[in-house]
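Asks: Fold the following for me, if possible:
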Amino acid sequence: MKIFFIKKKYIFISIIILLLIIMFSLFYFQFENNILTYSLPANTLINNTFEEKVFTLVNQKEKIAYLTFDDGPTLKSTPKILDILSEENVKATFFVIGKHVKEHPELVKRAYDEGHYIANHGYSHDNNKLYKNANCFINEILSTDIEISKAIGIENYSSHVFRFPNGYMSSNYKSKKQEYAKLLADIDYTYIDWNVLNKDSEKKYSNIELLKNLESSSKNKDTLVILMHDTSDVNETHLVLKDSINYLKEQGYIFQNFYDLK
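Replies: Below is the predicted model:
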């Protein structure tokens with residue numbers, strides 16, 4: 001009986017060790033492949049009407065301008081842009097990068113408190129990480145939402161609006177974008193590009209040229225989704241922002257942000 005007891009005990013210990021090895025291996029595999037994902041609670045489900053409005057926004061016939069700023073927040077540019085928007089009483093939408101939200105949560109908090117819409121531009125703005133696999137893609141979005149939640153003090157925040165780095169329309173990683181765009185509905189997200197830009201991230205322009213780029217790309221269009229950047233790494237958009245707003249007002253546009261779609 002004693003011999004049988006010892007064997008049974010060893011078998012039990014061996015099973016426990018084996019289970020621990022399997023659990024450790026699974027954890028290590030997830031960590032190495034960065035596929036840790038998060039679940040959104042049921043109360044954050046996207047409104048179908050909102051999703052439809054976002055997806056068809058540039059097809060609308062009203063003269064409405066949606067200012068959107070990508071790649072921030074940054075200390076160099078975001079506060080200056082927020083100051084101008086406040087002076088002009090214009091509400092914008094900021095497509096923030098998760099790692100920058102973590103670096104400057106106070107800027108996201110300020111933008112949110114001042115009535116601007118905080119939307120999602122992924123965590124790293126690194127295509128190699130974003131498109132490594134489907135789980136990495138989802139994780140980039142949800143990790144950014146977590147940082148936004150911390151910054152603004154709203155639990156389980158979700159903007160429901162994602163902008164692909166470089167835009168969905170860009171030829172870069174086109175097949176991956178087409179594949180992963182279908183996954184957005186699983187986390188109650190949709191995506192949007194733009195139909196107007198001042199080309200502030202493409203190359204160095206003078207302020208006059210930036211304004212002309214805006215004018216030419218908005219010509220004969222009704223609803224405008226305008227791409228700008230709050231980074232100042234190529235051009236200092238804040239230096240031409242007031243003139244851009246005044247030009248659009250002169251053309252009869254009113255300004256809204258994505259809150260107005262809900």
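Asks: count of residues packed around the nearest residue to residue 149 once chain neighbours are set aside?
Replies: Excluding the flanking residues, the one nearest residue 149 by CB to CB, 6 or more residues apart in numbering is residue 157, at 4.2 Å. All C-beta atoms are positioned from the backbone trio N, CA, C, and that covers glycine. Number of residues near residue 157 (other CB atoms under 10 Å) recorded here: 20.
Asks: same check, this time on residue 174
Replies: That count, for residue 174 with other CB under 10 Å as the rule, works out to 11.
Asks: try residue 150
Replies: For residue 150, using other CB under 10 Å, the count is 16.
Asks: Which element, helix or strand, includes it?
Replies: Here residue 150 sits within helix 134-152, counting by DSSP states H and E.
Asks: average pLDDT for the next helix or strand after that helix?
Replies: Proceeding N to C from helix 134-152, the next assigned helix or strand is strand 161-162, under DSSP H and E. In this model, strand 161-162 has an average pLDDT of 98.
Asks: do stretch 85-105 as well
Replies: Stretch 85-105 comes out at a mean pLDDT of 98.
Asks: So which bits of it are buried?
Replies: Going by neighbour count (16 or more other CB atoms under 10 Å), the buried part of stretch 85-105 is 85, 88, 90-98, 100-102, 104-105.
Asks: With respect to residue 225, which of these is nearest?
Replies: residue 93 (8.8 Å; CB to CB).
Asks: Quick check: bridge partners of the closest one?
Replies: When assigned by DSSP bridges, residue 93 has beta-bridge partners residue 68, residue 117.
Asks: Which two among the buried residues of stretch 85-105 are spaced furthest apart?
Replies: 88 and 102 (29.1 Å).
Asks: residue ranges with poor pLDDT in the stretch 101-250 of the chain?
Replies: Filtered on pLDDT under 70, the stretch 101-250 of the chain yields no residues whatsoever.
Asks: So which residues of it form strands?
Replies: For the stretch 101-250 of the chain, applying DSSP state E, counting those that start in this stretch gives strands covering 117-120, 161-162, 190-191, 196-197, 224-229.
Asks: Just name whatever secondary elements the second one is in contact with.
Replies: Spelled out, that is strand 161-162. Applying 3 or more CB pairs under 8 Å, 6 or more residues apart in numbering; DSSP states H and E, one finds that strand 161-162 contacts strand 117-120, strand 190-191.
Asks: Output these as TSV; include the columns mean neighbour count.
Replies: Listed next are these as TSV, based on neighbours: other CB atoms under 10 Å:
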stretch	mean neighbour count
strand 117-120	24
strand 190-191	18
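Asks: CA atoms only for stretch 94-108, dumped as PDB, please.
Replies: The C-alpha trace of stretch 94-108 is given here as PDB (Å, rounded to 0.1, in the frame of the first residue of the first chain):
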ATOM      1  CA  PHE A  94      -7.800  64.300 -32.300                       C
ATOM      2  CA  PHE A  95      -6.600  61.000 -33.600                       C
ATOM      3  CA  VAL A  96      -4.100  60.200 -30.900                       C
ATOM      4  CA  ILE A  97      -1.200  57.700 -30.700                       C
ATOM      5  CA  GLY A  98      -1.300  55.600 -27.600                       C
ATOM      6  CA  LYS A  99       2.400  55.900 -26.600                       C
ATOM      7  CA  HIS A 100       2.100  59.700 -26.800                       C
ATOM      8  CA  VAL A 101      -1.000  59.700 -24.700                       C
ATOM      9  CA  LYS A 102       1.000  57.800 -22.100                       C
ATOM     10  CA  GLU A 103       3.700  60.400 -22.300                       C
ATOM     11  CA  HIS A 104       1.400  63.500 -22.200                       C
ATOM     12  CA  PRO A 105      -1.900  62.500 -20.600                       C
ATOM     13  CA  GLU A 106      -2.500  66.100 -19.400                       C
ATOM     14  CA  LEU A 107      -2.800  67.200 -23.000                       C
ATOM     15  CA  VAL A 108      -5.400  64.600 -23.800                       C
END
